[in-house]
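Chemist: just the structure for this:
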Amino acid sequence: MIRRLVTAPLLAATLFLGGGCGLSLDDVPMPSLIDGPTYQLTAVFDNALNLPVDSPVKWGGRTVGQVVSVTVSDYRAEVVMKVQEDARIRSGGRAEIRLTSPMGTAFVELLDGPQRNAALADGARIDVASTTRAPDVADLLSSLSVVVTGGAFADIGTVVDELNVALTGNAPEARALLAGLDRTVTDLNAHTAEFDRALRGVNRLSRRLAEDAPYLVDAVGELRPAVRALRSQQADLLTLLAEVQRLGDSTDLFLDTVQEDLVSTVRNAGPVLDSLRRSQRNLVRGMRGLIKFGELTDDASPGDFSNFDLTLLLDPDGLNPTGTGPQQPTRTTPKTAREGQ
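Modeler: Okay, here's the model as predicted:
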């Protein structure tokens with residue numbers, strides 16, 4: 001009796017599904033992974049090829065939502081999710097696409113932001129800078145194929161073989177080269193501070209040149225008329241230079257001609273200058289006496305004129321550089337002079 005009751009509903013369902021209604025299992029909606037009030041959240045990924053619609057959204061190991069849609073915008077995947085209202089993540093949170101196992105299904109893992117930040121509002125977006133995607137089996141197989149078919153490891157083997165060929169019989173030279181490179185790098189490292197200062201100086205110079213670029217352009221514009229004027233007077237300048245060259249030749253010839261006379265004159269002037277140097281103290285004393293005499297004369301003159309007698313004692317021997325000549329000083333006769341005031 002029980003078997004008949006169970007068989008009847010199954011037969012009715014089979015007839016209903018096999019009828020002309022056109023229904024299939026694809027038309028049966030998937031059950032929702034969550035219940036209760038939800039809010040919408042959108043995450044932008046660089047790549048979300050293995051993430052199907054209706055995938056679970058987890059937070060802290062528990063399912064708190066599911067994927068509503070996956071669309072493409074600006075070559076990036078925009079994943080729209082509906083999340084339970086009591087699972088509000090804060091701003092600064094992250095979203096990652098993970099796999100339940102190496103061959104399992106993909107899901108979205110939400111990571112909460114700092115405690116001090118505010119919760120995300122309904123319709124908020126998580127930018128691509130805060131989203132990542134875990135490597136899947138396709139990435140693993142692709143990397144494995146590179147290893148199997150050669151790839152970077154084959155290139156390393158080729159490099160090692162070539163290094164062996166190059167170093168065979170050249171080990172001392174290679175060691176010397178490495179030692180020289182080590183010393184060079186060490187010296188460069190020791191002058192890092194100087195390099196930094198030089199680069200900072202170049203940076204400051206470049207910045208100042210950039211700031212003064214308008215003035216430099218104006219200066220170049222102002223120089224153009226002068227350059228044009230010089231170019232128009234190029235023939236006259238060349239003629240002037242030729243005349244200057246001829247003047248230089250004439251000057252050289254003149255100096256060669258009078259060189260002996262000039263040297264003789266300078267040599268003859270030497271004893272006279274020596275005599276003046278020896279008489280410097282007496283000359284200074286005499287000049288000071290004249291100045292004092294003038295001051296006293298001003299004080300002693302009651303009128304416009306004053307009479308005085310001046311006696312000069314001249315020593316010819318003192319003026320003779322060779323020290324020969326009359327030995328007796330010559331006394332001049334008294335004279336009367338009149339000075340106007």
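
Chemist: what pLDDT, on average, does stretch 271-284 get?
Modeler: The average pLDDT within stretch 271-284 is 80.

Chemist: need the distance between the two termini of that stretch.
Modeler: One end of stretch 271-284 sits 20 Å from the other (CA to CA, to the nearest Å).

Chemist: distance from the chain centre to that stretch, please.
Modeler: 67 Å (CA atoms, centre = their mean, to the nearest Å).

Chemist: got a list of contacts for the strand ranked longest in the chain?
Modeler: For the chain, the longest strand by residue count, based on DSSP state E, is strand 62-73. Counting by CB atoms under 8 Å, 6 or more residues apart in numbering, strand 62-73 makes contact with 32-34, 38, 40-41, 48, 51-58, 77-84, 87, 108, 110, all of which sit outside it. Quick note: C-beta positions are derived from backbone N, CA and C, even for glycine.

Chemist: what do you get if the cut-off is 10 Å, keeping everything else the same?
Modeler: 30, 32-34, 38-45, 48-49, 51-59, 77-89, 106-108, 110 (CB atoms under 10 Å, 6 or more residues apart in numbering).

Chemist: weed out the non-buried ones from the residues you listed.
Modeler: By the neighbour-count criterion of 16 or more other CB atoms under 10 Å, these include these buried positions: 33-34, 38-39, 41-45, 48, 51, 55-59, 77-84, 87-89, 106-108, 110.

Chemist: list the ones among those that fall in strands.
Modeler: Counting by DSSP E, the members of those that fall within strands are 38-39, 41-45, 56-59, 77-84, 106-108, 110.

Chemist: show me the contacts for residue 82.
Modeler: 32-34, 37-41, 57, 64-68, 122.

Chemist: pull the most distant pair out of those residues.
Modeler: Farthest apart among those by CB to CB are 33 and 122. That separation is 19.0 Å.

Chemist: report the angle between the longest strand of the chain and strand 38-45.
Modeler: Angle, strand 62-73 to strand 38-45, by axes from the mean of the first three to the mean of the last three CA atoms, to 10 degrees: 50 degrees.

Chemist: all helices of the stretch 101-250 of the chain, in order?
Modeler: For the stretch 101-250 of the chain, helices defined by DSSP state H, counting those that start in this stretch occupy the ranges 137-148, 151-167, 171-190, 192-211, 213-232, 234-278.

Chemist: now the ones you listed in TSV, with distance to residue 114 and mean neighbour count?
Modeler: Formatted as TSV, these follow (distance: least, CB to CB, whole Å; neighbours: other CB atoms under 10 Å):
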stretch	distance to residue 114	mean neighbour count
helix 137-148	31	11
helix 151-167	39	11
helix 171-190	41	10
helix 192-211	37	10
helix 213-232	46	10
helix 234-278	76	10
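
Chemist: dump those helices into CSV; add distance to residue 296 as well.
Modeler: CSV is the format used below for these (distance: least, CB to CB, whole Å):
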stretch, distance to residue 296
helix 137-148, 117
helix 151-167, 105
helix 171-190, 79
helix 192-211, 68
helix 213-232, 65
helix 234-278, 28
